[in-house]
Structure formats: C-alpha cells, structure tokens
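K.L.:
Got a predicted structure plus its sequence, pasted below:
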Amino acid sequence: MAKKSKNENPVYKIVEVVGSSPTSWEDAARAAVESAAKTLRDLRVAEITKLDMKIDGGKVVAYRARVSMSFKYED
C-alpha cells in the first residue's frame, strides 16, 4: 500500500477578523487580511461575510468588513 504524501489531504482552519477603514469597505477588508497575515502563515482564501458602517453624528466615520480566512494546518 502506497503511503500518502503530507499534502494529499490538507486540513484548513477558518478564522474571522474584522477590519476597519475611514475610507472604504475594500480598505477595511484589505486591512483585515494584511493584519492576519502578520501572524498566520499560508492564508489561502478570504471571504467577506458582512459589511457594516460606524456612524457618529449622522455621518459615516468608519467602514467595517468581517472577513473569514482559511489557512492550512501544518504537520
């Protein structure tokens, strides 16, 4: 029986991060990914699961993006 390679059946963990930006949802999502990438290796996929805004005095002061990301577990 042939031995399977380590990467043949990879396992992934999903984390959720919220990024914030005063200018756009795109910048908020980018901030979330870039921040997570500082401590998580081998990020594979990012999915924006929720968008919202922070309002102060009737004006939008921040855009927020909730982002789910997956990374591969290492053996």
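P.N.:
Perfect, thanks for sending it.

K.L.:
Give me the below-cutoff pLDDT ranges for the chain.
P.N.:
Where the chain drops to pLDDT under 70, the residues are 1-7, 75.

K.L.:
mind listing what residue 22 touches?
P.N.:
Residues in contact with residue 22 (C-beta atoms under 8 Å, 6 or more residues apart in numbering) are 61, 62, 63. From N, CA and C alone the C-beta is placed, and that goes for glycine too.

K.L.:
Repeat the analysis, applying 7 Å as the threshold.
P.N.:
61, 62 (C-beta atoms under 7 Å, 6 or more residues apart in numbering).

K.L.:
How about residue 30?
P.N.:
Per C-beta under 7 Å, 6+ apart, neighbours of residue 30: none.

K.L.:
before we move on, what SS does it have?
P.N.:
When classified by DSSP: H, G, I helix; E, B strand; the rest coil, residue 30 comes out as helix.

K.L.:
do the same with the one 3 residues further on
P.N.:
Using three-state DSSP, the three-state assignment for residue 33 comes out as helix.

K.L.:
Quick check: nearest residue in space to it, chain neighbours excluded?
P.N.:
Nearest non-adjacent residue to residue 33, counting by C-beta to C-beta, 6 or more residues apart in numbering: residue 46, 5.4 Å away.

K.L.:
Quick one: residues in contact with the helix or strand containing residue 52.
P.N.:
Residue 52 is part of strand 43-56 when elements are defined by DSSP states H and E. If you take C-beta under 7 Å, 6+ apart as the criterion, strand 43-56 is touched by 12, 25, 29, 33, 36-37, 60-72.

K.L.:
quick one on the thing from earlier: distance of the residue nearest to residue 33 from residue 58?
P.N.:
32 Å (C-beta to C-beta, to the nearest Å).

K.L.:
Tell me which of the two has more neighbours.
P.N.:
Neighbour comparison, residue 46 and residue 58: the larger count goes to residue 46, with 18 against 5 (by other C-beta atoms under 10 Å).
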